[in-house]
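Make a model of this:
(one chain, ligands or ions: 3)
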Amino acid sequence: MALIVQKYGGTSVGSLARIRRVAEKVMAAKREGHDIVVVVSAMSGDTDRLVDLAYGITAEPNPREYSMLVSTGEQVSMALLAMCLIGQGCPAVSLTGGQAGIVTDSLYHKARILKIDNGPIQDLLAKGNIVIVAGFQGMDAEGQITTLGRGGSDTTAVALAAMLEADECQIYTDVDGVYTADPRVVPEARRLPRITFEEMLEMAGVGAKVLHKRAVEIAGKLKAPLRVLSSFEDGPGTLITFEERSMDKPVEQPIVSGIAFNRNEAKLTIMNVPDRPGIAAAILSPIGKANIDVDMIVQNISVEGGTDFTFTVHREEYDKAHSILSAIAKEIGATEVRGNQKIAKISLVGVGMRTNSGVAQKMFTILGEEGINIQLISTSEIKVSVVIDEKYMELGVRALHAGFGLGVELKEEFDPSLEQVVSKKIANFD
Ligand code: ADP
Ligand code: ASP
Ligand code: MG
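Residues are numbered from 1 along each chain as shown. Ligands and ions are numbered 1, 2, ... in the order given. Next up, the predicted model:
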């Protein structure tokens, strides 16, 4: 008997018929003798609708009330699934994040899970119930409802799996695994039988929304076994593995494992900043204090004591960042703030880059041959990212996918059933 955490995304619970189908899958796993904890997302489109309602009533929704509102989507789907299971004679109980013992910090719309009290879920499992938990939400120490950021139901599932020492956390979604690139944009993309945590973390961080970045972070830190599978068809999906283990069974390692892209960023440049020590901190500290995450940062060489300083932020936070930056510009004597919201970031990810140079150069050549101009570049050990004009994003992604041969089948297919990952209970998530 195993303990399995299954997470079903928005499309998977998108209609009553689909919720019935999820109930069938859950009951099938239960019949095999396993304890099952299910995490559900809101029915597809519901969270978007709730966010639109919030911004329809006011341009700056109160953070507490925003979380109060958008957390309700998951409560609809969890209760419907529980009703469906109970109606079929299968004991089931749905729980909000707070009822499930999920304690977060107090950053309402992008809260982080701090700890989970396993008691409520374990008691219900011991009584033979299927426990259904609302994804994407928790409760802070004061008992206020918080939400984990868009896509956060994955994080709920992985955190629960880690804390309950589950044998596997299964993320059921509308694709049958993690692909070399989003299959909606690159039809030739190929399912990866496995991907390392490190690569998955980078992919999620640069826009592959198939997994929430924080979910991968927790899975890596707490060694929670994680798999992405289709809700609609049977198959092995993609196992997220530890690099060291995959080295035991050598397979031909591609240099680039995947391509991700992101249209959600905007670029800001503060022009002609006096080039002196402390200037980067003077610009970015107020941005950080406003809880705006900064992604790429580029500072040019100064000409006659003045330099340009460019960074990217989430597009939703562009207006806020722009007004903060305009105030800073006046204070520090910069001449102008320029912004561009029509950008896209494309990233290549692969642990193979560690031992192979020339990936960035090949990437720039391929983009250049397509006539695509690169505005910003950043690299890490296993990633190269570029910012380009958003209208060339699809063209760039497809050209790179073909240029790096990602559509080509690997010689040796990995058997995911061989991989055993040990889960470890750690009380604190940070
Ligand atoms: P869910 O609602 O189940 O959480 P999401 O929409 O959040 O599903 O994530 C699944 C989607 O992620 C897919 O439909 C696909 O378009 C997108 N996606 C982006 N990059 C990838 C990738 N590399 N592999 C698979 N899917 C990807
Ligand atoms: N329902 C939330 C969202 O749409 C959380 C999730 O689905 O993961 O972002
Ligand atoms: Mg998702």
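
drop to CA atoms for contacts and neighbour counts, all remaining ones
Noted.

Please save the CA atoms from the helix or strand Val387 falls within in CSV.
Element membership for Val387 (DSSP states H and E) is strand 383-389. Coordinates of each C-alpha in strand 383-389 appear next as CSV, following Å, rounded to 0.1, in the frame of the first residue of the first chain:
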residue,chain,number,x,y,z
LYS,A,383,20.6,28.2,-19.1
VAL,A,384,20.9,30.9,-21.7
SER,A,385,18.1,33.5,-22.0
VAL,A,386,17.5,36.3,-24.5
VAL,A,387,14.9,39.0,-24.7
ILE,A,388,13.5,39.8,-28.1
ASP,A,389,10.6,41.6,-29.7
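
So which elements touch the following helix or strand past it?
Per DSSP H and E, the first helix or strand lying C-terminal to strand 383-389 is helix 393-403. Secondary structure elements in contact with helix 393-403, counted by 3 or more CA pairs under 8 Å, 6 or more residues apart in numbering; DSSP states H and E, are strand 258-262, strand 343-349, helix 359-369.

Quick check: next helix or strand after the longest one?
By that I understand helix 359-369. Using DSSP H and E, the next helix or strand after helix 359-369 towards the C-terminus is strand 376-380.

quick revisit: name the strands paired with the strand holding Val387 and say parallel or antiparallel.
strand 343-349 (antiparallel), strand 376-380 (antiparallel) (DSSP bridges).

Tell me which of those sits nearest to Ala181.
strand 343-349 (9.7 Å; CA to CA).

which outside residues touch the closest one?
By CA atoms under 8 Å, 6 or more residues apart in numbering, the residues outside strand 343-349 that reach it are 199, 202-203, 206, 256-267, 382-391, 393, 396-397.

again, but for stretch 376-389
199, 202, 296, 298, 342-354, 360, 372-375.

rerun that using 6 Å as the cut-off
343-351, 353-354, 374-375 (CA atoms under 6 Å, 6 or more residues apart in numbering).

returning to what we had before: pLDDT of the strand holding Val387, averaged?
The pLDDT scores in strand 383-389 average 97.

do stretch 234-244 as well
Stretch 234-244 comes out at a mean pLDDT of 86.

for that stretch, which positions count as buried?
By neighbour count on 16 or more other CA atoms under 10 Å, the buried set for stretch 234-244 is 236-242.

How about the secondary structure of Thr307?
Classification of Thr307 by DSSP: H, G, I helix; E, B strand; the rest coil places it in strand.

Please name the bridge partners of it.
Assessed by DSSP bridges, Thr307 has beta-bridge partners Val273.

Of the contacts of stretch 376-389 - the most surrounded one?
With neighbours defined as other CA atoms under 10 Å, the most crowded of the contacts of stretch 376-389 is Leu348; it has 31 neighbours.

residues contacting the nearest residue to it once chain neighbours are set aside?
Once flanking residues are discounted, Leu348 sits nearest to Ile259: 4.7 Å by CA to CA, 6 or more residues apart in numbering. If you count contacts by CA under 6 Å, 6+ apart, Ile259 has them with 181, 347-348.

same for ligand 2: which of those are within range?
When CA under 6 Å from any ligand atom is applied, no member of those is adjacent to ligand 2.

Quick one: buried ones out of the contacts of strand 343-349?
Using 16+ other CA under 10 Å as the burial test, the contacts of strand 343-349 include 199, 202-203, 206, 256-267, 382-390, 393, 396-397 as buried.

So which of these would count as near ligand 1 as well?
Among those, ligand 1 is touched by none when using CA under 6 Å from any ligand atom.

Okay, now the unreliable bits of the stretch 201-350 of the chain?
243-253 (pLDDT under 70).

And the helices in it?
Assigned by DSSP state H, counting those that start in this stretch, the stretch 201-350 of the chain shows helices spanning 213-221, 243-248, 279-289, 318-332.

Tell me how many other residues crowd the nearest residue to Thr104 once chain neighbours are set aside.
Leaving aside its sequence neighbours, Thr104 sits nearest to Ile113 (CA to CA, 6+ apart; 4.2 Å). Around Ile113 there are 26 other residues, counting by other CA under 10 Å.

Can you tell me how far Ile113 is from Thr379?
As defined by CA to CA, to the nearest Å, Ile113 lies at a distance of 29 Å from Thr379.

Run through the residues that contact the residue nearest to the spatial centre of the chain.
Closest to where the C-alpha atoms of the chain average out (CA atoms, centre = their mean) is His212, at 2.1 Å. Contacts for His212 (CA under 6 Å, 6+ apart) come out as 151, 154.

run the last query once more with 8 Å
Shown in contact with His212 (CA under 8 Å, 6+ apart): 151-155, 204.

any idea how far it is from ligand 1?
Counting by CA to the nearest ligand atom, to the nearest Å, the gap from His212 to ligand 1 is 8 Å.

swap in Gly56?
On the measure of CA to the nearest ligand atom, Gly56 and ligand 1 end up 24 Å apart.

now Val40
Distance, Val40 to ligand 1, using CA to the nearest ligand atom: 9 Å.

If we go by neighbour counts, what in stretch 107-120 is buried?
107-117.

Run the chain-centre distance for that stretch.
When C-alpha coordinates are averaged (CA atoms, centre = their mean, to the nearest Å), stretch 107-120 and its chain have centres 17 Å apart.

same check, this time on stretch 272-290
That offset, for stretch 272-290, works out to 29 Å (CA atoms, centre = their mean).

Please point out which parts of it sit buried.
So for stretch 272-290, counting by 16+ other CA under 10 Å, buried means 272-275, 283-284, 286-287.

about what we covered before: show me the two of the buried residues of stretch 107-120 that sit farthest apart.
The widest separation within the buried residues of stretch 107-120 (CA to CA) is 21.6 Å, between His109 and Asp117.

Show me which residues of the stretch 101-250 of the chain are close to ligand 2?
Close to ligand 2, as judged by CA under 6 Å from any ligand atom, the stretch 101-250 of the chain has residues 136, 150-154.
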